[in-house]
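In: Sequence plus the predicted model coming up.
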Amino acid sequence: MFSSDPVVVVRDATIFQEDRAVLNQVNFAIEKGEFVYLIGRTGGGKSSLLKTLYADLTLKTGYIQIAGFDIKDIKSNKVPMLRRKLGIIFQDFQLFPDRTVAENLMFVLKATGWSDRSKMTSRVTEVLMKVGLGAYSGKLPHQLSGGEQQRVVIARSLLNEPQILIADEPTGNLDPEVSIEIFKIFQAINKSGTAILMATHDHSLIKEFPYRTLKCDGGVLEEIPALVN
């Protein structure tokens, strides 16, 4: 049954990096289909917050629910199920260098419980078309530009039709022109109904494409007005 509940709810959460609290009393929600930026200085807690959302860091105090999972009490055997509902995009691609684009994506499908070969092949083709790489399935990562590798990573994150994409500096290593191309792919994904939470340092991007913005500053997460030209 369709639910109108937010895809992310965070209440009174303290976010830790090892034993140090980096964000205190964090409260926010992200609705289905919403696009939200996460900004702030390096070391300000952005990555730690994202890692807590996808259960890579432990939530010690407060409440987080994401894609229907309670993060505080999540058992380790449920974490893969949680991550199937999320698309996680890193700055540093994390592709297998010795596997083709299609093999990289097939690996994720196998790891998340797909077994029908024809359905897997068709899903890989579908997500590669979505990011404009329909003809690239047989290439190895080193044969691709940085922007093309990031498109593969985005395709990988879409395989299991996530409710939300969590992107940590997805354009951080890319030229400005390529960054905008990649960003437009995120916009298209968002318009099709997937929520997006994107951590970024790219203020020119934020000004050109204003959306709701959360800022980590001095141990606090606050909502700030969208940066517009």
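Out: Now that the structure is in, tell me what you want to look at. Residues are numbered from 1 along each chain as shown.

In: Keeping just the C-alphas, turn the worst-scoring helix or strand of the chain on mean pLDDT into PDB.
Out: Taking mean pLDDT, DSSP states H and E as the measure, the helices and strands of the chain show their lowest mean at helix 79-84, namely a mean of 87. Output in PDB follows, covering the C-alpha atoms of helix 79-84 (Å, rounded to 0.1, in the frame of the first residue of the first chain):
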ATOM      1  CA  VAL A  79      21.400  -3.600   6.900                       C
ATOM      2  CA  PRO A  80      21.600  -5.100   3.400                       C
ATOM      3  CA  MET A  81      17.800  -5.000   3.200                       C
ATOM      4  CA  LEU A  82      17.900  -1.300   4.200                       C
ATOM      5  CA  ARG A  83      20.600  -0.500   1.600                       C
ATOM      6  CA  ARG A  84      18.400  -2.100  -1.100                       C
END
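
In: thought residue 206 was touching residue 38?
Out: No. Counting by CB atoms under 8 Å, residue 206 does not reach residue 38; the two are 10.6 Å apart. Any C-beta I mention is one placed from the backbone N, CA and C, and that applies to glycine too.

In: So between the two, which is more surrounded?
Out: residue 38 (24 against 18; other CB atoms under 10 Å).

In: following the least confident helix or strand of the chain, which helix or strand shows up next?
Out: Downstream of helix 79-84, the first helix or strand assigned by DSSP states H and E is strand 86-89.

In: can you give me the mean pLDDT across that following strand?
Out: The average of the pLDDT scores along strand 86-89 is 92.

In: Pull the residues that contact that strand.
Out: Strand 86-89 has contacts (CB atoms under 8 Å, 6 or more residues apart in numbering) with 53-54, 66-67, 150, 153-154, 157-158, 160, 162-168, 170, 194.

In: What about these, which are in strands?
Out: The strands, defined by DSSP state E, take in 66, 164-168 from these.

In: quick one: which of those is nearest residue 134?
Out: When the ones in strands among the contacts of strand 86-89 are compared for distance to residue 134 (CB to CB), residue 165 wins out at 20.5 Å.

In: got a list of what the closest one touches?
Out: Per CB under 8 Å, 6+ apart, neighbours of residue 165: 86-89, 154, 157-158, 186, 189, 194-198.

In: packing partners for the lengthiest helix in the chain?
Out: Looking across the chain with DSSP state H, the single longest helix is helix 176-191. Applying 3 or more CB pairs under 8 Å, 6 or more residues apart in numbering; DSSP states H and E, one finds that helix 176-191 contacts strand 35-40, helix 117-130, helix 146-158, strand 164-168, strand 195-199, helix 203-208.

In: low pLDDT regions in this protein?
Out: 1-3, 226-229 (pLDDT under 70).

In: now do 50
Out: 1 (pLDDT under 50).

In: Pick out the residue nearest the middle of it.
Out: residue 166 (1.9 Å; CA atoms, centre = their mean).

In: where do the contact lists of residue 206 and residue 38 overlap?
Out: In contact with both residue 206 and residue 38: 200, 213, using CB under 8 Å, 6+ apart.

In: Give me the outermost residue of the protein relative to its centroid.
Out: Outermost residue of the chain (CA atoms, centre = their mean): residue 118, 27.1 Å.

In: That one: what's it in contact with?
Out: By CB under 8 Å, 6+ apart, residue 118 has no neighbours at all.

In: Same question for residue 79.
Out: If you count contacts by CB under 8 Å, 6+ apart, then residue 79 has residue 55 around it.

In: and if you look at residue 24?
Out: Here residue 24 is in contact with 14, 219-220 (CB under 8 Å, 6+ apart).

In: mind listing what's buried in the least confident helix or strand of the chain?
Out: 82-84 (16 or more other CB atoms under 10 Å).
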